[in-house]
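# Attaching a predicted model along with its sequence, questions to come.
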Amino acid sequence: MNKALIKEIQTRHPSIRLVMASKYLSASDFKPYIEAGIHDFGENRVSDFLEKEEALRAEAITWHFLGTLQSKKVKKMINKIDCLHSLDRLSVADEIEKRRTTPLSCFIQVNISGEESKHGVEPSELPRFLETLKSYKMLNIIGLMGIARRTDDDTIVREQFKRLSKLRDDGSKYHPSLRELSMGMSEDYQIAIEEGATTLRLGRILIKEGLR
């Protein structure tokens with residue numbers, strides 16, 4: 001476990017929420033990270049999430065769902081999570097509205113890299129998507145989530161994070177609840193912090209001591 005990095009983020013950036021991408025962990029691996037002060041964990045697959053949520057129900061965990069969510073799987077897990085980072089389709093929003101019993105904190109995933117392989121709302125479609133979601137009572141849209149292109153060129157990564165930040169700022173003029181930015185993973189979290197991330201999603205870098 002990378003205790004040094006966990007402590008560094010907690011100490012230097014106390015206002016940033018650190019979500020551990022726990023797809024790399026089995027339920028029995030969580031305890032050291034909880035003891036290190038991490039209580040936010042994020043899963044990418046519904047089946048894995050359900051298994052771990054049941055096994056760790058006694059722990060004070062805030063559960064985030066980070067992966068692409070299929071409409072047909074919403075009913076299995078939507079009342080067991082605390083935050084969704086990947087809302088990008090009205091079909092999923094409709095299912096959440098139907099199944100959720102209390103308002104759910106959600107990030108809208110935006111395709112800031114422009115890659116066809118990446119999920120997310122196209123930036124040009126974001127204003128319309130936000131406007132449509134205003135009528136959904138079970139969705140509390142708190143911010144935007146983006147995944148930057150995997151590249152060694154930091155300039156590209158920075159520009160994509162800047163774009164997400166601007167989209168958030170522009171959207172918040174009409175949607176005051178749009179305040180947060182979920183951006184930054186193991187390979188680019190430092191740039192994300194510099195560009196205003198309020199939530200980091202870190203996985204393997206928290207597991208392997210000394211990995212940077």
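Cool, got the structure. Numbers count the residues shown, from 1 in each chain.
# so the residue nearest the centre of the chain, which of the three states?
A centroid search over the chain (Cα atoms, centre = their mean) returns His85, at 3.8 Å, as the residue closest to the centre. The three-state label given to His85 by DSSP: H, G, I helix; E, B strand; the rest coil is strand.
# Show me where this structure has its helices.
3-12, 31-35, 46-55, 74-77, 90-99, 126-133, 154-172, 189-194, 204-207 (DSSP state H).
# which one of these lies closest to Gly67?
helix 46-55 (8.1 Å; Cβ to Cβ). Any C-beta I mention is one placed from the backbone N, CA and C, and that applies to glycine too.
# mind checking pLDDT for the closest residue to Gly196 other than its chain neighbours?
In space, and not counting its chain neighbours, Gly196 is closest to Ser165: 5.1 Å by Cβ to Cβ, 6 or more residues apart in numbering. We have a pLDDT of 98 for Ser165.
# can you check Glu209 too?
pLDDT, Glu209: 69.
# do the one 3 residues further on as well
The confidence metric pLDDT takes the value 48 at Arg212.
# repeat for Pro176
91.
# what's around it, how many residues?
Other residues lying near Pro176 total 8 when counted by other Cβ atoms under 10 Å.
# Pull the contacting residues for it.
Shown in contact with Pro176 (Cβ atoms under 8 Å, 6 or more residues apart in numbering): no residues.
# Wait, the residue nearest to Gly196 touches Glu195, no?
Yes: taking contacts as Cβ atoms under 8 Å, Ser165 lies within contact range of Glu195: 5.8 Å.
# Skipping adjacent residues, who's closest to His13 in space?
According to Cβ to Cβ, 6+ apart, the nearest residue to His13 is Ile193 (6.2 Å).
# Give me the distance between the one you found and Arg168.
Computed as Cβ to Cβ, to the nearest Å, the Ile193 to Arg168 distance reads 15 Å.
# These two: which is more packed in?
Looking at Ile193 and Arg168 with other Cβ under 10 Å, you find the greater number of neighbours at Arg168, namely 23 against 18.
# since we're on the closest residue to the more buried one other than its chain neighbours, how many residues are nearby?
Of all residues not flanking Arg168 in the chain, Leu144 sits nearest, at 5.0 Å (Cβ to Cβ, 6+ apart). Leu144 has 28 neighbours, counted by other Cβ under 10 Å.
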